[in-house]
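Chemist: sequence? don't have it. structure:
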């Protein structure tokens, strides 16, 4: 894909867009909470990929991770700039406003990271979590529905939860890669 993009193949960008646009838009929307902002970030991310295909190094990380990291950085930059501008216009207490902005950014980052983690999980883990938490099933019912032992269901749930816990361990979002700009 990277080589095709480097050669300027528009079809490669189309394939990449078809594959990752829902991820990019979803992550951007989760950080910004704004449909129009998410649309802009989606365009910026794919514009960046088109203009700088060599910025991606397949030896460092999967393409999906790199695209998610770009999205996260672009969205957090946008959130910081728009929130900072709004705070500068009407903030009486700059220190409290800055702390609130950083709290919002950390919360949005953790939420976007959790979404990314769930979307990236192997299907058996994701399915177990969905059954247990979204459908409010206990691990015995989850095991029966999945056709696995109760111990295997518990293992999947435990691992899935451990992965999700990492979303709050870092405020930086998906794994970092090279600078987006």
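Modeler: Structure's in. What do you need? Bear in mind the structure is a predicted one, so any value in this text is a computation, not a measurement.

Chemist: what residue ranges in the chain score low on pLDDT?
Modeler: For the chain, the stretches with pLDDT under 70 are 84-101, 168-181.

Chemist: let me see the ranges of the strands in it.
Modeler: In the chain, no segments count as strands under DSSP state E.

Chemist: so where do the helices sit in it?
Modeler: Ranges of helices within the chain are 2-6, 10-32, 35-51, 63-90, 94-120, 123-129, 139-146, 150-169, based on DSSP state H.

Chemist: specify the angle between the second one and helix 35-51 in degrees.
Modeler: Interaxial angle of helix 10-32 relative to helix 35-51 (axes from the mean of the first three to the mean of the last three CA atoms, to 10 degrees): 140 degrees.

Chemist: now swap in the last one and tell me
Modeler: For the pair helix 150-169 and helix 35-51, the angle between their directions (the same axes, to 10 degrees) equals 90 degrees.

Chemist: could you do the fifth one as well?
Modeler: Angle, helix 94-120 to helix 35-51, by the same axes, to 10 degrees: 70 degrees.

Chemist: what about the most centrally placed residue in the chain, distance to residue 54?
Modeler: Compute the mean C-alpha point of the chain, and by CA atoms, centre = their mean the closest residue is residue 116, 3.9 Å away. Note on residue 116: its distance to residue 54, by CB to CB, to the nearest Å, is 24 Å. Glycine gets a C-beta too; all of them are placed from N, C-alpha and C.

Chemist: cool, thanks, signing off.
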